[in-house]
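A.B. asks: prediction below, plus the sequence it came from.
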Amino acid sequence: MTDRLGVVAKRAGNLMPGVPYVRGWAQARRSARALAEQLTALGLESDFPGLATDVNVSGDGLVRLGSIRPEAALILAELIVSGLTAETATHVDTRVEGTMTARRSPSAA
C-alpha cells in the first residue's frame, strides 16, 4: 500500500492492465461499510460526509475519510483511545486471572 518512500501510493486515476483493482476496492468497501455502521451507531455519520472507498495505483484499497471538522477528528481520536484503553484493561484482567489460576492449581493438588 505504500510507495518506495513509505508513503501511501497515489490514487488510481488511470487503470493499468493486470493490476487487481477490484480486489483492493472490494476490501476497502467492506472496511468503509464497517466504519460507517459504527459511526452511524454512535450518531456520527454526519461528521464524516466524505467517507469513501478508493483504490491506489498498486491496486490496494483505500478508505478515505474526506475533509472533516477538527472536532470530528478529536472525537475519532478519543474513540480510538477509549477502545485501546478498554482492550488493554481486558488483557490485563485476563493475564491477572490466568496468573492467579496458575498459582492456585499446584497448591490444590
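C.D. replies: Great, that's in hand.

A.B. asks: going forward, measure contacts between C-alpha atoms and count neighbours the same way
C.D. replies: Fine.

A.B. asks: mind showing which ranges of the protein have poor pLDDT?
C.D. replies: Regions of the chain meeting the criterion pLDDT under 70 cover residues 1-9, 11-14, 92-109.

A.B. asks: all strands of it, in order?
C.D. replies: In the chain, the strands defined using DSSP state E lie at 52-55, 61-64.

A.B. asks: dump those strands into CSV; add distance to Ala86 as well.
C.D. replies: Formatted as CSV, these follow (distance: least, Cα to Cα, whole Å):
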stretch, distance to Ala86
strand 52-55, 28
strand 61-64, 25
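
A.B. asks: right, and the ones you listed - which one's nearest Gly24?
C.D. replies: Closest approach to Gly24 among the strands of the chain is made by strand 61-64 (4.0 Å; Cα to Cα).

A.B. asks: direction included, what does that closest one pair up with?
C.D. replies: strand 52-55 (antiparallel) (DSSP bridges).

A.B. asks: which stretch among the strands of the chain comes nearest Ala26?
C.D. replies: So among the strands of the chain, strand 61-64 is nearest, using Cα to Cα, at 7.3 Å.

A.B. asks: how about residues contacting the closest one?
C.D. replies: 1, 21, 23-29, 31-32, 50-56 (Cα atoms under 8 Å, 6 or more residues apart in numbering).

A.B. asks: if we can go back for a sec, using CSV, please lay out the strands of the chain together with mean neighbour count.
C.D. replies: What follows is the strands of the chain, written out as CSV (neighbours: other Cα atoms under 10 Å):
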stretch, mean neighbour count
strand 52-55, 21
strand 61-64, 20
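
A.B. asks: drop anything exposed from the contacts of strand 61-64.
C.D. replies: Among these, those buried by neighbour count (16 or more other Cα atoms under 10 Å) are 1, 21, 24-29, 31-32, 51-56.
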